[in-house]
Every structure is written in C-alpha cells, then in structure tokens.
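> sequence? don't have it. structure:
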C-alpha cells in the first residue's frame, strides 16, 4: 500500500513563504503525476500544482502562477511545493496526491492516492 505524508504547513503572515513536502512510501510508489490540491472552507477541493514525475512537466492553478513552484526529488520520492508571497486566500488544507493516470492531471478525480493534509493559514 502506498502512503503519502505531508509536512511543512503552518501559520504565517501575508507575504511570507512556506515549503510543503510530501514523501511517498510503500509498495512501488511510481506515480505518473504527483500534485498538490487544497480545500478551503466553503469551497471544493482544487488543484494547486502538479508535476509529471519522469519529465518534470508541471501544471499550475492560475491563482498561484508566479508565486508557487512545484518540484520533485526522485531519489527521495518527494514532491515539494514552494509557496511565496502568500495571501490570506491561500488559507486551506493542502493535500498531496498521486496518480498513475496519464491524462487530466489537473482533475481531482484522477488521483487515487492522497495524504492526510497539512493546514496552511495566512493572516492578513
């Protein structure tokens, strides 16, 4: 069984930075895409960013382009989300996810494996 474990969330002020990490472990964690999604109060879970494991292609939500950067370390089976210039509207639970599907990496339902989530709170 594959497990995803996130870390790095916290409480920060607007304009600050955070880096989230997600490490995959367990039975052959060989995902095609690994990504970050977030769930804010009163909203649906949405994509933040996702990266193709073998080619480093990435997809970002428009709301985070230019502020967030997704990257991965194959040797550590870890994906990172560097979040800069954080805004109060970035406040949410951030989830790491992995998929073996090739298509539609920006869609929540494409992902079968999920972490428990790590909270990010940005105060104004």
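Done, it's in. These numbers were taken from a predicted model, which means no experiment stands behind them.

> what bridges to residue 37?
residue 47, residue 95 (DSSP bridges).

> what are the contacting residues of stretch 49-67?
Here stretch 49-67 makes contact (C-beta atoms under 8 Å, 6 or more residues apart in numbering) with 30-36, 46-48, 68-72, 74, 79, 81, 83-86, 89-90, 105-106. C-beta here means a position set from N, CA and C on the backbone, and glycine is covered the same way.

> pLDDT of that stretch, averaged?
Across stretch 49-67, pLDDT averages out at 93.

> just the buried residues of it, please?
For stretch 49-67, burial by neighbour count (16 or more other C-beta atoms under 10 Å) applies to 49, 50, 51, 52, 53, 58, 60, 61, 64.

> ok, now which ones touch residue 88?
Residue 88 makes contact with 14, 122, 123, 124, according to C-beta under 8 Å, 6+ apart.

> flag the shaky bits of this protein, pLDDT-wise.
27-29 (pLDDT under 70).

> tell me where it has strands.
2-7, 10-13, 18-26, 33-39, 46-52, 58-60, 68-73, 78-83, 92-99, 113-114, 118-123 (DSSP state E).

> paired strands for the shortest one, with orientation please.
Spelled out, it's strand 113-114. Its sheet considered, strand 113-114 pairs with strand 92-99 (antiparallel) by DSSP bridges.
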